[in-house]
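Enquirer: This is a predicted model, with the sequence first.
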Amino acid sequence: MLKVIHSGNAMPMSLPVDPTSEFQPGYFGSLKVLGGDTVLGVSDGLSPLGIIDDVNVTAFTAPKVDEIVQIPVPLSQVIVDANGKRTNSVEVSGILDNPHIIQSSFISDISVFLNYVNGIITVPISSELNADLDGDGINDGFKILVNYIYRIANKPGDSSVISSGRVTIHYQRGIYATDQYDTGCVFALNCTLYVNLSGVLTSKQPTENHPGVAICTAVPNSVQSSLEFLLL
């Protein structure tokens, strides 16, 4: 998804598309040479030209930000270690809101194992309990904060560029919002944004040669998953 909140009067550009590139609205594009022709494909962040406003994917994806997973641990499975910490004596599992997780996109605030296909997370043995789920003042489970990107079930891929062979790209300074970004980093208001090697916005500069392309104007959260930014 790409939303144009405010921009100037210039129309977006329409350029020949690299048919081998997969993208969704909100990806950044760069010019490249393919078979002697200059085309637009997904950017690696070094020389982004603008924001793609077309789709060419085999499967649609969406982000999930600040999802909280609560996993209770039965009293019979709680042990106190040598340091006085309450831990689990067996592995315990919880289920994410979505299956079909993209492996590289997943982050968690505690160490867990993830089944990327069915979206089940498992807390290893001897992890310190971090949540009082029944409100009695004693930790009796886990509260886990996770971010990830998942493939949307029952929504096959699509292409808006097959018939024309061209792709629309926004290049003008303005305010935009997208649900295509790096979920493996932390966004902060007014932080500098870069384009990562996969062609989406990130707050982590991939290399010293990657330029800043935008400023974050609203961070994604559990209520509003879009990243809002000012394109420079």
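Expert: Perfect, I can see it now. Numbering: from 1, shown residues only.
Enquirer: looking at the chain, which residue lies furthest from center?
Expert: Ala82 (38.8 Å; Cα atoms, centre = their mean).
Enquirer: For Gln205, see how far away that one is.
Expert: Using Cβ to Cβ, to the nearest Å, Ala82 is found at 42 Å from Gln205. Every residue, glycine included, has its C-beta placed from N, CA and C.
Enquirer: returning to what we had before: and the residue farthest from the centre of the chain, how close does it get to Ser126?
Expert: 11 Å.
Enquirer: what's the answer for Phe142, then?
Expert: In terms of Cβ to Cβ, Phe142 sits 13 Å off from Ser126.
Enquirer: neighbour count winner among those two?
Expert: Per other Cβ atoms under 10 Å, whichever of Phe142 and Ser126 has more neighbours is Phe142, with 23 against 11.
Enquirer: Surely that one is in a strand?
Expert: Yes - under DSSP: H, G, I helix; E, B strand; the rest coil, Phe142 falls within a strand.
Enquirer: From what I see, it and Val73 are in contact.
Expert: Yes - the pair Phe142 / Val73 is scored as a contact, 7.2 Å apart, by Cβ atoms under 8 Å.
Enquirer: list the contacts for the residue positioned nearest the centre of the chain?
Expert: In the chain, the residue lying closest to the centroid (Cα atoms, centre = their mean) is Thr183, at 3.1 Å. The neighbours of Thr183, taking Cβ atoms under 8 Å, 6 or more residues apart in numbering as the test, are 63-65, 105-107, 147-149.
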